Each structure stands twice: as structure tokens, then as C-alpha cells.
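*Asks:* with the input below, show me the fold.
(chains A and B)
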Number of protein chains: 2
Amino acid sequence: MTTIALDAMGGDLGLDATVEGAAKLSREPVDIRVMLVGEAARISERLASLSYDPTRLEVVDCSGSVGMDEDPRRALEDKPSCSILTTARLVRDGDADALVSAGNTGATILASARTFERLPGIRRAALAAVYPTERRHGPKKDPFALMLDVGATLHAEDIDLVGFAVMGAAYSSIISEIASPRVALLSNGTEPNKGTEAIKSAHARLAGGPLNFAGNIEGLDIPRGNSDVVVCDGFLGNVVLKMLEGVGEVFRDVARQASGSKLQWKMGLAMLGGGLRRIRRMTDWKAYGGAPLLGMDQVIIKAHGRSESRAIRNAIKVAAKAAEGDLIGRIQAGSSALGLGEAERTGSKDA
Amino acid sequence: MTTIALDAMGGDLGLDATVEGAAKLSREPVDIRVMLVGEAARISERLASLSYDPTRLEVVDCSGSVGMDEDPRRALEDKPSCSILTTARLVRDGDADALVSAGNTGATILASARTFERLPGIRRAALAAVYPTERRHGPKKDPFALMLDVGATLHAEDIDLVGFAVMGAAYSSIISEIASPRVALLSNGTEPNKGTEAIKSAHARLAGGPLNFAGNIEGLDIPRGNSDVVVCDGFLGNVVLKMLEGVGEVFRDVARQASGSKLQWKMGLAMLGGGLRRIRRMTDWKAYGGAPLLGMDQVIIKAHGRSESRAIRNAIKVAAKAAEGDLIGRIQAGSSALGLGEAERTGSKDA
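*Replies:* Next up, the predicted model:
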């Protein structure tokens, strides 16, 4: 049985999504137990109207939570017993095997950095994201690829990018069940001499190494999905990921306008049915599940703020799969194989 | 009468596109003369089968041209009389008012840098691109916004970004006829303290200045088109632009698969007709016309390598409009208004 500690207070929909997602999961035939961390009275009230398996749900009371728009640093200082910090402590103390949160992203990163240890050889944490691609990935034919970092480390040096490559490959090998995921560096050209100094140097370190390194990819390759794992710094990853969201929203706007305007267009859209579903999936993947925050010695899954109960349930399952697949062990093995432990000793210390 | 020097040898389609585009334009009621620069015998041969106004077309003979995949630096050294260098010299010597090329991008940038003077106050050149947005721009309701740099300056410092903002605003004010274009910095958040050091410092220099500065925008805002001009360094711009191309291609693939598979889907697509046209336009804008290379003391329009004759014709018209609108004078005025002349004196000298 794998135990997941869930910040029940986090996310745009709060308890409506988290409690319902956990309750649903408790009735499925999976070996997962969920600790719902937050204001016990409110959680129990929500649970009262739901059907769930009480042997697989536990409520852990704590006081306070970080709002979605609150300043993370100040909020964590003001509320030392808040739900995200309490959730992290449960994982640190071994009461749970992984952390799931749909709450304030900055607070999740900061609470994790303060509660967990950084892995040896990993200088900087990376927040990953899954995004939809044309090509499918691995034996499960996963329609998503992994990109990291998308917001934890604004400026990444070569050694940080190499660490992201190791962590992304480890995660992808477990979640997408790809024995040796194709890992690529995002750059402004496919040639090894293209990109910033950090990219060129990371390229040299990854080439010929133990990872299945596909070299550099360009912007064109992102939606095509020519690699399973896309590595970049947090600034670029943030812009790229938000742009993918924006493009999806614009396409949906245009489709909505078309369907609302002419009867003929409405009928055309209706007839497309399944054909459109594929485009819709590609433009509305955000609430799919969760993506990992990597670099700490615990499994941390960040669900999108807009997650509904189904997405919370998926995020919990992803967290359990990562924990059961020994994500941390795989990262450590990959990090050692690339000699990252050496690098760390000479690297900078700050988070 | 405005005279445009066109590199007739450049582009994936070569003379087929350039000569036909110029011939078509010569019969339109516009005050534009075109110099077709390249191998005169081959140009004349192509012209023989076309209908054109000989008073508005001139063939300028020269030998050699730079292939689309050739190394620009070596090619320009090996072929000092090649078409792109000859075209640039015609503009430098006042025989033409602007340069248009659909050829090798690197060679166009390098030939321009070697033949023209950099504008005072502008430290680095920028290659701009137009891209489709949901929102329309200016009195012409232009469905495109301008992004720069997309490939001339990999790493831009604050002063370079400010220069890009000035140049992008000047170009947009002429081509999209927007009196005071909204200019934004592309960053990882809208707050002024978001982004790299260069972005934060450029933000401080632009805020409260003479441009219509809209602050930072995020990736989400790129396809929405919340600003008329998007400023970023060449590395980020390259990734973003290629990603937009990639997303467009993926959507077209999916639509093609849908239309090829089920009769019902085929009919649905057919019924959508005009509704789809808007999406198609948003995903296949590349051959639309041209985009400027900015920073030199001449008007330079780079057409997409894949340009067909219609796109070449559009690029020539865009070049004429920029020259007639005094693009260079407007950039100089904007640069002075922001005090960029001062900065240059202390800035680095290398191109």
C-alpha cells in the first residue's frame, strides 16, 4: 500500500476537487491510501456527502493554508502549520510516500525546499510539465511529452541542465514506461554548436553519456514530440508552456465562435465529433493530472491549480506510480552514472 | 517612384518565385520599380514567358549566388559578386531604396552588416517576424503582430532590447499604420520584477518613456496578440517562432488526417469552410510576405525562404511602404528620444 499526502486546501476549487478526487480513488481497486491534510472539520463535512472507503482515507488536521495569489515566502512564515507545510512534514517523517498539491506553485516549491533535502549531485530543482504532442510516446502510447524546467530555476547553467535531463529521464521511464526515454535540449538549432553557452556545454556533457540523448531540438519539434523529455531553463520553459496554453485557448475561441455563428458551421463541427476530440485533447490538457517537482529526496507532484476532482485523482495515481517505481533511486543512479556528484562539490550552494 | 533591389536568385523556389512576383507587381498600379539582381540570362529567359511592364523592371547582371544551405561566411568570401552582395551594394549606392531577399537568412544578415552602416544608438541588429494573432491590430485590422529579435542577436542585453523596442515600434507604425504601437517585453510573468536581468533593466528603461510601453507579457499573450510588438532576445524569439510554425503544422496534419479518414469527417470539414479558413490562415502565415532586418541604415526585408511569387510581391510592397514611410528616420527619432545615442558610446562595438 502506497500512502499519498494530499494538500486538501490547495487549488482553485479547493476542497471540492481534492476531497472528491480522493474519495473517488478510495473506491477504486488500487493499493493507494490518501491522507487529506487541511481543516479537518471542513474536510469531514465534504466527506459526509460522498461515498468513500474509510480504510483508505485519513484526515490530518492542521490550521491555515496558502491562498493561490499569496506571496509564498511571507505566507509560509506567517502560517507555520499551514496545509502545504504539514503535508510536506508527513512525507519527510515517513508517514506518507509522496506529496500531492494543486495549491500555490511557489509555496509548494518553497515548502518542499525547506522540508526536504536536495539530492546529491542535483544543484537546482526543476518543475516539470507534461504537454500534448502529435507523436505518441513509449509502450503506453502516451500522447504527452515531459518538459523541464518550467519555472523553478529561471537561469540554469550547464550542470543544471544535465541534472534536469537525468531527472526527466528517470520520471519518464517510470510514468510513460519508456525503458530509455529520448532526452533533448531545447535550442535555436539542431547542431551541437547552437544555443547559449550553457546549452552548448550541457550538450557536450550529455553526448556519448549513459542517457538516450537526442541532441538539440528546435521550437518546431516541441508540438511534434520528437523527444520524450525536453530540457530547458525555467525562463524558456515558462514562456513555451504558457504559449502552448495560449495557442490552445485561441483555437478553442475560434472553434466556439464558429459553432455559435452559422448553422452550417455548427453542423460541420457536430459531424467532426471524434476528429475534433483529438484537437480538443491537444488544447485542453492542463487539468490532465500532475507534473513532478524534481531535485528533492521525496516524490512531489504538483497538480494544475485548475484541477477538478478527476485531475486530482490522476495526480494521486501518478504520485503513487512514481513512488512505487523508486523515482528517487533512479534519479540518484542516473546522477551517479553521469558523475554529477563530483560537480556538486564545486557548484554553488544556494537553492 | 520607389525602387526595390530584389535578390532574384534567393529562396527555395529561386527565379520561379522572384521573377514572377516582380513581373506581376510591375503590372499593378503602384509606384514601384524593381531591380532583379542575378544571372541576367536566366532572369531574361524567365521573363520571356511572362507578361510585365518593362519600364518598371530592370535586370542587373551578376555572377554567383548563396545556396540556402551554404555557410554564409564562407559563401560571401568565395563569391564577392554574388546576388545578395550586389543587391546590397545597389541599395548602399542609392540606386535602390530598399533590399528584398528570400535567400539564405544568414547571408542576408551578413551581407547587410558588411555593406550598410549600423544606425547610431543601435548596438545590435534584429530580425523581426510577423505572426498571426487572435486580436487584430491598428486601423487596418492587421491580423499579425511583430516579434523581434527572432534570430539576429542570440543574446541581447538591456540596451539591445530597448533598441529592438524602438525599431519594432517604428516599423509597426508604418506597416500596420498604428500611430503608437503597443510594445511589450516577453517574460515569465507580467510583473516588472519578472524575467532575466536584461529584461528587468530594459523594463525600467522603457517604463514612462516615449514609447507606448505595455510592460511584460507572458507566453499566453503571444497568440492572443495583446501587444502589437513583442520584444525578446534572438534565442527566445527563434524558439517561440519555430514553435508557432510547429503548432500550425501539427494542426494541419490532424485536420488532414480527419479529412482523409471518415466520410462524415470529410463532410464536416467541408461544411466548416469559412470557419476553417481563419484557422488555416493562423497556421500557414509563413509565406505571407516579409519581415524586416532592423538596425542598419537601409530598409531590408527578408522574405521567407518558402516564398511563392505572391509572397515575393507582398515583400516588395512592404519594402516600398517602409522606405516611403521613412523607416530609418523614424528609428533614428525613436532612438534619440530614448537617449540611445548616449548608450552606444559606452557600449560594445562588435556586431
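
*Asks:* now do the same contact list for A:G215.
*Replies:* Shown in contact with A:G215 (C-beta atoms under 8 Å, 6 or more residues apart in numbering or on different chains): A:184-185, A:190, A:192, A:203, A:207. Glycine gets a C-beta too; all of them are placed from N, C-alpha and C.

*Asks:* typo on my end, A:A98
*Replies:* Counting by C-beta under 8 Å, 6+ apart, A:A98 has contacts A:2, A:4-5, A:91, A:298-301, A:319-320, A:322-323.

*Asks:* next: A:S44.
*Replies:* By C-beta under 8 Å, 6+ apart, the neighbours of A:S44 are A:V59.

*Asks:* that older thread, from the contacts of A:A98, which two are the most distant?
*Replies:* A:T2 and A:I300 (14.5 Å; C-beta to C-beta).

*Asks:* who has more neighbours out of the two?
*Replies:* Ranked by neighbour count (other C-beta atoms under 10 Å in any protein chain shown), A:T2 and A:I300 place A:I300 first, with 29 against 20.

*Asks:* tell me the helices in the stretch 1-150 of chain A, going along the chain?
*Replies:* For the stretch 1-150 of chain A, applying DSSP state H, counting those that start in this stretch gives helices covering A:15-26, A:40-48, A:72-78, A:83-92, A:105-115.

*Asks:* before we move on, the earlier item: for the contacts of A:G215, which one is nearest A:I122?
*Replies:* A:L185 (17.4 Å).

*Asks:* can you tell me the SS state at that closest one?
*Replies:* Three-state call for A:L185 (DSSP: H, G, I helix; E, B strand; the rest coil): strand.

*Asks:* and for the one 10 residues further on?
*Replies:* Classification of A:G195 by three-state DSSP places it in coil.

*Asks:* what sits against it?
*Replies:* Counted by C-beta under 8 Å, 6+ apart, A:G195 has contacts A:185, A:187-189, A:203, A:216, B:235.

*Asks:* show me what stretch A:201-213 is in contact with.
*Replies:* A:158-159, A:161-162, A:165-166, A:169, A:180-185, A:192, A:195, A:215-216, A:231, A:334, A:337-338.

*Asks:* which ChimeraX command selects the buried ones in the contacts of A:G215?
*Replies:* Remark: buried members of these, expressed as a ChimeraX selection using 16 or more other C-beta atoms under 10 Å in any protein chain shown:
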select /A:184,185,190,203
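
*Asks:* the contacts of A:G215: which two are farthest apart?
*Replies:* A:T190 and A:A207 (13.0 Å).

*Asks:* can you pull the contacts of A:V229?
*Replies:* Neighbours of A:V229 in contact, by C-beta under 8 Å, 6+ apart: A:145-148, A:165, A:168-169, A:172, A:181-184.

*Asks:* what does A:R330 give?
*Replies:* A:R330 neighbours (C-beta under 8 Å, 6+ apart): A:170, A:173-174.

*Asks:* Serialize those to a markdown table and add fields for neighbour count, secondary structure and pLDDT.
*Replies:* Shown next, in a markdown table, are the contacts of A:R330 (neighbours: other C-beta atoms under 10 Å in any protein chain shown; DSSP: H, G, I helix; E, B strand; the rest coil; pLDDT from 0 to 100):
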| residue | neighbour count | secondary structure | pLDDT |
| --- | --- | --- | --- |
| A:A170 | 27 | helix | 98 |
| A:S173 | 21 | helix | 96 |
| A:I174 | 21 | helix | 96 |
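
*Asks:* quick one: which of the residues you listed is nearest B:R124?
*Replies:* Using C-beta to C-beta, those come closest to B:R124 at A:A170, 39.8 Å.

*Asks:* run through the residues that contact A:A214.
*Replies:* Counting by C-beta under 8 Å, 6+ apart, A:A214 has contacts A:182-184, A:226-227.

*Asks:* take these and lay them out in JSON lines including distance to A:Y52 and pLDDT.
*Replies:* Below are those laid out as JSON lines (distance: C-beta to C-beta, whole Å; pLDDT from 0 to 100):
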{"residue": "A:R182", "distance to A:Y52": "40", "pLDDT": "97"}
{"residue": "A:V183", "distance to A:Y52": "40", "pLDDT": "98"}
{"residue": "A:A184", "distance to A:Y52": "42", "pLDDT": "98"}
{"residue": "A:N226", "distance to A:Y52": "42", "pLDDT": "90"}
{"residue": "A:S227", "distance to A:Y52": "40", "pLDDT": "96"}
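
*Asks:* which one of the residues you listed has the most neighbours?
*Replies:* A:S227 (29 neighbours).

*Asks:* any idea whether A:S227 is helix, strand or coil?
*Replies:* The local conformation at A:S227, judged by three-state DSSP, is coil.

*Asks:* surely it touches A:E218?
*Replies:* No: using C-beta atoms under 8 Å as the test, A:S227 is too far from A:E218 to be in contact (11.2 Å).

*Asks:* low-confidence regions, the stretch 201-350 of chain A specifically.
*Replies:* Scanning the stretch 201-350 of chain A for pLDDT under 70 picks out the ranges A:255-288, A:342-350.

*Asks:* can you give me the helices in the stretch 251-351 of chain A?
*Replies:* A:263-272, A:274-283, A:309-324, A:327-337, A:340-346.

*Asks:* partner residues bridging the residue lying closest to A:M147 once chain neighbours are set aside?
*Replies:* With C-beta to C-beta, 6 or more residues apart in numbering or on different chains as the criterion, A:M147 has its nearest non-adjacent residue at 4.3 Å, and that residue is A:V230. For A:V230, the beta-bridge partners under DSSP bridges are A:M147, A:A184.

*Asks:* which residues touch A:V230?
*Replies:* A:V230 neighbours (C-beta under 8 Å, 6+ apart): A:145-148, A:168, A:184, A:186, A:217, A:222.

*Asks:* and the contacts of A:G215, which is closest to B:L241?
*Replies:* Checking the contacts of A:G215 against B:L241 with C-beta to C-beta, the nearest one is A:T190 at 15.5 Å.

*Asks:* up against chain B, what does the stretch 51-200 of chain A have?
*Replies:* Neighbours of chain B within the stretch 51-200 of chain A, by C-beta under 8 Å from any C-beta of the partner chain: A:134, A:151, A:154-155, A:186-189, A:195-196.

*Asks:* who's in contact with the most centrally placed residue in chain A?
*Replies:* The centroid of chain A falls nearest to A:A291 when counting by C-alpha atoms, centre = their mean (1.1 Å). By C-beta under 8 Å, 6+ apart, A:A291 lies in contact with A:127-130, A:146, A:150, A:301-302.

*Asks:* make it 6 Å
*Replies:* Applying C-beta atoms under 6 Å, 6 or more residues apart in numbering or on different chains, we find A:A291 in contact with A:128-130, A:302.

*Asks:* so which of the residues you listed is the closest to chain B?
*Replies:* Chain B has its nearest neighbour among the contacts of A:A291 in A:A129, at 12.0 Å by C-beta to the nearest C-beta.

*Asks:* what's the neighbour count on that closest one?
*Replies:* A:A129 has 26 nearby residues by other C-beta under 10 Å.

*Asks:* specify the beta-bridge partners of it.
*Replies:* A:M147.

*Asks:* isn't it up against A:V150?
*Replies:* Yes: A:A129 lies in contact with A:V150 (C-beta atoms under 6 Å); the separation is 4.6 Å.

*Asks:* give me the common contacts of those two.
*Replies:* Joint contacts of A:A129 and A:V150 (C-beta under 6 Å, 6+ apart) are A:L241.

*Asks:* which residue packs closest to whichever residue of the stretch 1-150 of chain A sits closest to chain B, ignoring adjacent ones?
*Replies:* Going by C-beta to the nearest C-beta, chain B is nearest to A:E134 of the stretch 1-150 of chain A, at 4.6 Å. In this structure, A:E134 finds its nearest non-sequential neighbour in B:V250, 4.6 Å apart by C-beta to C-beta, 6+ apart.

*Asks:* residues touching A:L146, list them.
*Replies:* Taking C-beta under 6 Å, 6+ apart as the test, what A:L146 contacts is A:128, A:130, A:168, A:172, A:229.

*Asks:* identify the bridge partners of the residue nearest to the centre of chain A.
*Replies:* According to DSSP bridges, the residues that bridge with A:A291 are A:K302.
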